[in-house]
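K.L.:
no sequence for this one, just the structure:
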């Protein structure tokens, strides 16, 4: 995600930029290309799950890196998720049109969110590093619960996405939701 030099953006513009980042697949393709060809992995499944993890991680980034007292936090988060819901509806419609199978992509996102949250809450090793929980949860979602390469890939996507959101939010000034 390109980071502007302290641009002043509205909540809506910021949400649009974050939603565009969340669905951009450039880094997913780079991660997939870095996987060993002889690992016997289903790259389609991994790419699909990486896309979901990136969307969810972007949404979490808003919650993690904006202070609780920031009056733009809730409007930004709500706007971001409305955009993701709209994009999800388009994905669902396109999938149904091309495959004939009905899916609800936004519901899939919510289900994965619940799974990731359950894993974070369970956290049997007591780690304070969320990426250490997210990697194994990602690998399990991909069907490779014990594969170190897939675990690392999920941890990396989670960490890189959160880092990009943090950097972006630090580089923009969001127009006060109450004033415009």
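P.N.:
Ah, there it is. Just so you know, these numbers come straight off a predicted model, no measurement behind them.
K.L.:
tell me the bridge partners for the closest residue to residue 14 other than its chain neighbours.
P.N.:
In space, not counting the residues next to it along the chain, residue 14 is nearest to residue 174; the distance is 5.3 Å by CB to CB, 6 or more residues apart in numbering. Any C-beta I mention is one placed from the backbone N, CA and C, and that applies to glycine too. In this entry, residue 174 is beta-bridged to residue 9, by DSSP bridges.
K.L.:
residue 174 contacts residue 74, doesn't it?
P.N.:
No: in this structure, residue 174 is not within contact of residue 74 by CB atoms under 8 Å, at 11.9 Å.
K.L.:
so for the two, which sits in the more crowded spot?
P.N.:
residue 174 (22 against 15; other CB atoms under 10 Å).
K.L.:
and the more buried one, how close does it get to residue 141?
P.N.:
32 Å (CB to CB, to the nearest Å).
K.L.:
what of residue 9?
P.N.:
33 Å.
K.L.:
ok, these two, which is more surrounded?
P.N.:
Neighbour tally, residue 9 and residue 141, criterion other CB under 10 Å: the higher count belongs to residue 141, 22 against 15.
K.L.:
so which bits of stretch 153-160 are buried?
P.N.:
Using 16 or more other CB atoms under 10 Å as the test for burial, stretch 153-160 gives 153, 154, 155, 156, 157, 158, 159.
K.L.:
go on, stretch 63-77?
P.N.:
Result for stretch 63-77 [16+ other CB under 10 Å]: buried residues 65, 66, 72, 73, 75, 76, 77.
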